[in-house]
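Novice: Sequence unavailable; structure follows:
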């Protein structure tokens with residue numbers, strides 16, 4: 001854009017350049033803002049899956065309601081791993097579920113319901129599945145994950161898979177079978193079953 005308007009004898013050159021700089025800075029600022037709003041801030045263990053939650057999914061008022069200080073601010077250095085738990089009060093639980101069905105935030109987007117991952121680890125592990133369950137539908141992914149396990153000295157019997165819900169779709173998370181701590185992500189569908197057809201063939205992600 002700068003080269004298009006540049007002409008040494010043009011009287012309005014300084015003004016033109018100022019406008020271009022302003023436009024470029026504005027575009028840069030907007031790009032940075034978009035990136036900041038879409039950055040992942042929480043990886044939430046929820047019932048039978050993990051959910052990757054971005055900054056723009058969390059209302060500022062919700063942060064103040066979080067139970068622990070480290071959950072009251074949005075991370076700039078990667079997602080914080082937490083668990084979530086439905087309200088103990090039956091009425092509140094029903095109200096929250098109905099609100100989510102009507103387009104409101106789900107449990108994973110409500111820090112007031114966050115709990116330490118250890119509080120729900122057993123339930124997550126119970127819902128997880130072994131790598132072998134995905135062999136016929138995501139063979140390339142499973143082969144790559146097994147290579148990674150071997151390279152890191154991790155026994156396959158000590159890990160399992162949970163679905164991963166994210167803004168761009170569904171993936172999978174490799175977890176520790178004792179703690180439910182996420183070890184690595186992959187792009188195949190963690191909800192897929194042997195009868196559901198081939199999973200996405202994209203390369204696994206770390």
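Specialist: Structure's in. What do you need? These numbers come from a predicted model, not from an experiment.
Novice: Which residue ranges of the protein form helices?
Specialist: With DSSP state H as the criterion, the chain has helices at 2-5, 13-37, 60-64, 90-101, 121-127, 139-151.
Novice: Nearest residue to the middle of the chain?
Specialist: The chain has residue 52 as the residue nearest its centroid, 1.9 Å off, counting by Cα atoms, centre = their mean.
Novice: which residue packs closest to that one, ignoring adjacent ones?
Specialist: residue 166 (4.2 Å; Cβ to Cβ, 6 or more residues apart in numbering). C-beta here means a position set from N, CA and C on the backbone, and glycine is covered the same way.
Novice: Residue 170 now?
Specialist: For residue 170, ignoring the flanking residues on the chain, the nearest one in space by Cβ to Cβ, 6+ apart is residue 189 at 5.2 Å.
Novice: Over to residue 149?
Specialist: Here the residue nearest residue 149, using Cβ to Cβ, 6+ apart, is residue 156, at 5.8 Å.
Novice: burial of that neighbour, as a residue count?
Specialist: Neighbour count of residue 156, defined by other Cβ atoms under 10 Å: 15.
Novice: I'd like to know how far it sits from residue 60.
Specialist: Taking Cβ to Cβ, to the nearest Å as the measure, residue 156 falls 43 Å from residue 60.
Novice: Same question for residue 162.
Specialist: 29 Å.
Novice: From the structure, what's the count of residues near the nearest residue in space to residue 81 that is not next to it in sequence?
Specialist: Leaving aside its sequence neighbours, residue 81 sits nearest to residue 43 (Cβ to Cβ, 6+ apart; 4.9 Å). Applying other Cβ under 10 Å, we find 21 other residues in the vicinity of residue 43.
Novice: again, but for residue 110
Specialist: Residue 110 sits with 23 neighbouring residues when counted by other Cβ under 10 Å.
Novice: cool, and residue 50?
Specialist: As a burial measure, residue 50 scores 29 neighbours (other Cβ under 10 Å).
Novice: Who does it form a beta bridge with?
Specialist: Residue 50 has these beta-bridge partners by DSSP bridges: residue 45, residue 164.
Novice: Stretch 63-79 - what's its average pLDDT?
Specialist: Regarding stretch 63-79, the rounded mean pLDDT is 87.
Novice: Assess the claim that residue 93 and residue 99 are in contact.
Specialist: No. Between residue 93 and residue 99 there is no contact, the gap being 10.9 Å when judged by Cβ atoms under 8 Å.
Novice: Now do the buried residues in stretch 129-149.
Specialist: Buried residues in stretch 129-149, defined by neighbour count with 16 or more other Cβ atoms under 10 Å: 129, 131, 133, 134, 137, 138, 141, 142, 145, 148, 149.
Novice: Show me how far that stretch is from its chain's centre.
Specialist: Mean-position distance between stretch 129-149 and its chain equals 21 Å (Cα atoms, centre = their mean, to the nearest Å).
Novice: Please apply the same query to stretch 80-87.
Specialist: Centre-to-centre, stretch 80-87 and its host chain are 14 Å apart (Cα atoms, centre = their mean).
Novice: Need the residues that contact that stretch.
Specialist: 41-46, 70-71, 93, 96-97, 107-108, 110, 113-121, 124, 181-182 (Cβ atoms under 8 Å, 6 or more residues apart in numbering).
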